[in-house]
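J.: Provided below are the primary sequence and the corresponding predicted coordinates.
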Amino acid sequence: MSRLSEYTELSEKEAVFENGEVKIDTKEDFDKYFEKLVNYDRVGTYIFRGSGEARYKLFTSAQRYWIEHQLDKQGKHYHAFVKKLIKNCKDWNNKTIFTFFNRNGIDTNNALAYLSYMQHYRVPTPLLDFTDSPYIGLFFALEQGYSSSSDKEIDNYCSLYVVDTSSQYFYSTIQQFERDIGEQDVDEIDYDQHLASFPVLLVTTENISYKIINNINISNQEGVFFYNNNPVMPIEEVYKQELGLIKESMGESAFQRHGYNEKFALCLNIHKNLRDYVLLKLLDHDVTPDFIYPNNKQLSAFSLKKTLEDL
């Protein structure tokens, strides 16, 4: 099995992330950046992804499976792999999901609907999870305990990635995607026709064209996705390559004037020793494991207990 590439030093992240090598080591440092995150949350155009290891590159689950199992060396084709996953999701268990979509008014040929469903049941997809909430992003970055015995500095850090979705590239690609699917009078989204031509695409519930009703976790986690069409390059490298081509095509002056960001996201590298401090601050925003991972099995006991107390 092949290994995924990783960052070996924080300095390597500077090439693809804004502030890629910045370290947050103290409570005072964290509080300063936390104030900025609160402001980002108020603005409402920023989305966030927490990673428990700063060394991890931002691969999708489909990429991880593709690379680790070396499917390219077996003569497989990446987009055929993704499309076959979608088809088998649609056909699974005598078309259970197909029927579920049909009964709930979701177009049964909507590739993004299937990919979103698959993402939440751990089927490999070309989607990467983000959240609208900086607090939930921080939770995912720091939820795991700290037990590193490595002598590499980077292993002492987790990361929070912050993407400004109002930047020109995301705006223009969403507009193009919506024009493409708007040419039809149905909510059908075809993988080849509507997705595969975009190197990177921000996917929201609006452009999925249905309300996410298949998993309550995504409601509490305030989830959104990025689509990455590349089989082997993490999204930060795909984005940098794409923006380099745009900059070369339009020139430096026009590139800056149109408000393009050359790097995919702002990166905050947070020392893992701050875990308890950060998780305690998140309690003020009602972010707890029970909230992030609601257990439906507890619904009956909770409801009955509270009802009897309130009678």
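T.: Sure, I can see it. Numbering: from 1, shown residues only.
J.: Confirm for me that residue 269 is in contact with residue 161.
T.: No. Using C-beta atoms under 8 Å, residue 269 makes no contact with residue 161, being 10.3 Å away. C-beta coordinates here come from the backbone N, C-alpha and C atoms, glycine included.
J.: Next SSE downstream of the longest helix seen in the chain?
T.: Longest helix in the chain by number of residues (criterion: DSSP state H): helix 78-103. Going down the chain from helix 78-103, the next helix or strand is helix 111-119, by DSSP states H and E.
J.: The helix or strand following that following helix - what's its average pLDDT?
T.: Of the helices and strands lying after helix 111-119 in sequence (DSSP H and E), the nearest is strand 127-131. In this model, strand 127-131 has a mean pLDDT of 95.
J.: next one: whichever helix or strand comes after strand 127-131 to chain centre, how far?
T.: Using DSSP H and E, the helix or strand that follows strand 127-131 towards the C-terminus is helix 134-142. Helix 134-142 sits 12 Å away from the centroid of its parent chain (C-alpha atoms, centre = their mean, to the nearest Å).
J.: on that earlier part again, mean confidence score for the longest helix of the chain?
T.: Computed over helix 78-103, the mean pLDDT rounds to 96.
J.: swap in stretch 255-263?
T.: 92.
J.: Alpha carbons of that stretch, in CSV - could you do that?
T.: Taking Å, rounded to 0.1, in the frame of the first residue of the first chain, the C-alpha atoms of stretch 255-263 are listed here in CSV:
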residue,chain,number,x,y,z
PHE,A,255,-5.2,39.5,-11.3
GLN,A,256,-4.9,41.8,-8.3
ARG,A,257,-7.7,44.1,-9.4
HIS,A,258,-10.2,41.3,-9.6
GLY,A,259,-9.5,40.1,-6.1
TYR,A,260,-8.0,36.7,-6.6
ASN,A,261,-6.3,35.0,-3.6
GLU,A,262,-3.2,33.1,-4.7
LYS,A,263,-3.4,30.7,-1.8
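J.: Same question for that stretch: list its buried residues.
T.: Buried residues in stretch 255-263, counting neighbours by 16 or more other C-beta atoms under 10 Å, are found at 255, 260-263.
J.: And for stretch 182-202?
T.: Across stretch 182-202, burial judged by 16+ other C-beta under 10 Å covers 187-189, 191, 194-196, 198-202.
J.: Flag the least confident of these.
T.: residue 187 (71).
J.: Doesn't that residue lie inside a strand?
T.: No. Counting by DSSP: H, G, I helix; E, B strand; the rest coil, residue 187 falls outside a strand, being coil.
J.: roughly how far apart are it and residue 174?
T.: 16 Å (C-beta to C-beta, to the nearest Å).
J.: Buried residues in the longest helix of the chain, which are they?
T.: Of the residues in helix 78-103, 78, 81-83, 85-86, 89-90, 97-98, 101 count as buried by neighbour count, 16+ other C-beta under 10 Å.
J.: Which one of the residues you listed is nearest to residue 166?
T.: For the buried residues of helix 78-103, the residue nearest residue 166 by C-beta to C-beta is residue 82; the value is 28.7 Å.
J.: which residues of the stretch 151-300 of the chain fall in helices?
T.: 168-182, 205-208, 217-220, 235-250, 252-257, 275-283, 289-292, 299-310 (DSSP state H, counting those that start in this stretch).
J.: With distance to residue 226 as added columns, please give those in a markdown table.
T.: Shown next, in a markdown table, are the helices of the stretch 151-300 of the chain (distance: least, C-beta to C-beta, whole Å):
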| stretch | distance to residue 226 |
| --- | --- |
| helix 168-182 | 9 |
| helix 205-208 | 12 |
| helix 217-220 | 15 |
| helix 235-250 | 6 |
| helix 252-257 | 22 |
| helix 275-283 | 24 |
| helix 289-292 | 20 |
| helix 299-310 | 32 |
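J.: Out of these, name the one with the poorest average pLDDT.
T.: Taking the mean pLDDT of those, helix 217-220 comes last: a mean of 46.
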